[in-house]
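Trainee: Have a look at this prediction, sequence included:
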Amino acid sequence: MLYRQLECFLAVARTGNLSRAAEEMYLTQPTLTARLKALEEELGDQLFVRTSRGMRLTEAGREFLPYAERVVSSFEEGKRRLEELRGASGGKLVVGASPGVGTYALPGLLERFVGAYPKVNVSVRTGHSEDILEMVLREEVHLGLTREMRHPEVESVPLYEDELVLVVAPEHRFTQRGSAGLAEIGEEQLILFDNDSSYYEQTQALFTSAGIRELRTLEVDNIEAAKRMVEHRLGIAFLPRSAIVRAVSAGNLVLIRVEDGPEMTRSIVALRRRDAPASGPVRAFLELAYGMAERKEERTKLSPALAAEFENLQLIDLFT
C-alpha cells in the first residue's frame, strides 16, 4: 500500500493538481486524497498546501520528493528485472555437469542457448555424477547434467542416450572386417578411463559376463587421454559415442561393431530440485536440452507441467 501512496504523492507533485493526478492514476479524487493523507500520517508531516493555483509542496514535501522518486524507481527496476528473469532476457544460469557431458554435449547446447539468450550470465561447474547431485540438492546449481540418478527431491529431464562403442586406430587389424567378437577384443590391450565412472563399471561387467577374467589394461583418468592412447596404437577402448563422433569423422579413430556384445548405454539427464521455481533462464535451457530426448516415452518421467511445456520440441543433435 505504501508504494501506491508514493505513486500518488509523485503524481500530485508532478501535476500540481488533485483532479489531474487522480485521472492519471485512474483513481477517484477522494481515494487519491485519502492515500495522501495516510502517507502524511505515516511520515508525521504535511507534504502539500492547497493554493488557488493547485497543490504546492511544503518544505517537508520538497525534502521527501527525491527519496520517494528513488523508491518508486527502484521498485520499477526490480519489476523489470523479474520480468527479464521470467522471460530469459537477463539473469543468471548456473549449470553443473559431469566431465563427459561438460566436454562433449554442453558446449553445443550452450552455443545455442547463449545465441538465443545473450543477456543471461552462464556459470558452469563440473564434477562426478554424485557431486553434481549434491550441488543440485544444496541449490549450488540450477541444473545438473549427468547420468540418470534418482532422489526423492530431484526431478530428471531426459536429454539423450549415450552409448559405449568400441574404437580402434585406423591401422588396427579389426578395421578390415569392421567388427570383432568379445573373445578377440579380450586379447587386445584395453584402454580404461576414470575408474570412478559408470562407463568403467559397464566395460568391466561386459567382459565378466562373457567369462573373460584376465584383461590387459592401461588405465587413464579421462576420456580425452583414452582417445589419444588409442590413436597412438597403445590399445583399443570402449568410449562414449558422443566423445568420438568428430574423431571418427576425421579418420583418427575407427568404429568397430561388437558381434556378440549387448548394447551398452546410459541415460544423460538434467537434474533439478522439485521444489525450486524454474526461472526464465532455467526454462529456456530445459527447452533446448529437452529437444535432445531421443525417445518420446521418456517424457512420462517428467512432472505434468514440464511434460506439457516441452511437448512440441524437436530433437537437437549437439555432436555434429
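Mentor: In hand now; what should we look at?

Trainee: Need the per-residue pLDDT for the closest residue to Asn121 other than its chain neighbours.
Mentor: Leaving aside its sequence neighbours, Asn121 sits nearest to Lys92 (C-beta to C-beta, 6 or more residues apart in numbering; 4.6 Å). Placement of C-beta: from N, CA and C, glycine included. Lys92 carries a pLDDT value of 86.

Trainee: List the contacts of Lys92.
Mentor: If you count contacts by C-beta atoms under 8 Å, 6 or more residues apart in numbering, Lys92 has them with Val120, Asn121, Val122, Ser123, Pro281.

Trainee: How about Arg266?
Mentor: Arg147, Glu148, Glu161, Asp162, Leu164, Ser198, Tyr199, Gln202.

Trainee: again, but for Met149
Mentor: Contacts of Met149 (C-beta under 8 Å, 6+ apart): Ser129, Glu130, Leu133, Ser156, Val269, Leu271.

Trainee: Are we agreed that it is in a helix?
Mentor: No. Secondary structure of Met149 (DSSP: H, G, I helix; E, B strand; the rest coil): coil, not part of a helix.

Trainee: Dihedrals phi and psi, it?
Mentor: phi -140, psi 140 (degrees, to the nearest 10).

Trainee: circling back to that earlier point, what's the closest of the contacts of Lys92 to Gly96?
Mentor: Ser123 (9.6 Å; C-beta to C-beta).

Trainee: which element is that closest one on?
Mentor: Element membership of Ser123 [criterion: DSSP states H and E] is strand 121-126.

Trainee: Determine the longest helix present in the protein.
Mentor: helix 59-87 (DSSP state H).

Trainee: could you point out which element follows it?
Mentor: strand 92-97.

Trainee: now the following helix or strand past that next one: mean pLDDT?
Mentor: Remark: after strand 92-97, the chain's next helix or strand is helix 99-104, criterion DSSP H and E. Mean pLDDT, helix 99-104: 89.

Trainee: One more: stretch 262-272?
Mentor: Stretch 262-272 comes out at a mean pLDDT of 89.

Trainee: where along this structure do the strands fall?
Mentor: Along the chain, counting by DSSP state E, strands occupy 48-51, 54-57, 92-97, 121-126, 143-147, 154-168, 179-180, 189-193, 216-220, 236-240, 254-258, 264-273.

Trainee: Name the nearest residue to Gly96, ignoring sequence neighbours.
Mentor: Looking at Gly96 with C-beta to C-beta, 6+ apart, the closest residue is Val141, at 3.9 Å.

Trainee: What is the burial count for that neighbour?
Mentor: Residues contacting Val141 under the criterion other C-beta atoms under 10 Å number 24.

Trainee: pLDDT score for it?
Mentor: Taking Val141 on its own, its pLDDT is 95.

Trainee: so it makes contact with Leu133?
Mentor: No. Contact criterion C-beta atoms under 8 Å: Val141 and Leu133 do not qualify, at 10.2 Å.

Trainee: Can you select the buried ones from the contacts of Lys92 in PyMOL?
Mentor: Listed next is the PyMOL selection for buried residues among the contacts of Lys92, using 16 or more other C-beta atoms under 10 Å:
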select buried, resi 120+281
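
Trainee: Going by distance to Ser242, which of the contacts of Lys92 wins?
Mentor: Nearest member of those to Ser242, counting by C-beta to C-beta, is Val122, at 20.5 Å.

Trainee: what is the closest one paired to in the beta sheet?
Mentor: Leu93 (DSSP bridges).

Trainee: Return the distance of the strand holding Ser123 from the chain's centre.
Mentor: Relative to the centre of its chain, strand 121-126 is centred 9 Å away, using C-alpha atoms, centre = their mean, to the nearest Å.

Trainee: average pLDDT across it?
Mentor: 94.

Trainee: same deal with stretch 161-172?
Mentor: In this model, stretch 161-172 has a mean pLDDT of 93.

Trainee: pull the CA atoms of it into PDB?
Mentor: Backbone C-alpha positions of stretch 161-172 (Å, rounded to 0.1, in the frame of the first residue of the first chain) are rendered in PDB as follows:
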ATOM      1  CA  GLU A 161      21.200 -41.800 -24.600                       C
ATOM      2  CA  ASP A 162      25.000 -42.100 -24.700                       C
ATOM      3  CA  GLU A 163      26.200 -45.400 -26.000                       C
ATOM      4  CA  LEU A 164      29.600 -47.000 -25.200                       C
ATOM      5  CA  VAL A 165      31.200 -48.000 -28.500                       C
ATOM      6  CA  LEU A 166      34.400 -49.800 -29.500                       C
ATOM      7  CA  VAL A 167      37.100 -47.700 -31.300                       C
ATOM      8  CA  VAL A 168      40.500 -48.600 -32.600                       C
ATOM      9  CA  ALA A 169      43.300 -46.900 -34.500                       C
ATOM     10  CA  PRO A 170      42.900 -46.900 -38.400                       C
ATOM     11  CA  GLU A 171      45.700 -49.400 -38.800                       C
ATOM     12  CA  HIS A 172      44.300 -51.900 -36.300                       C
END
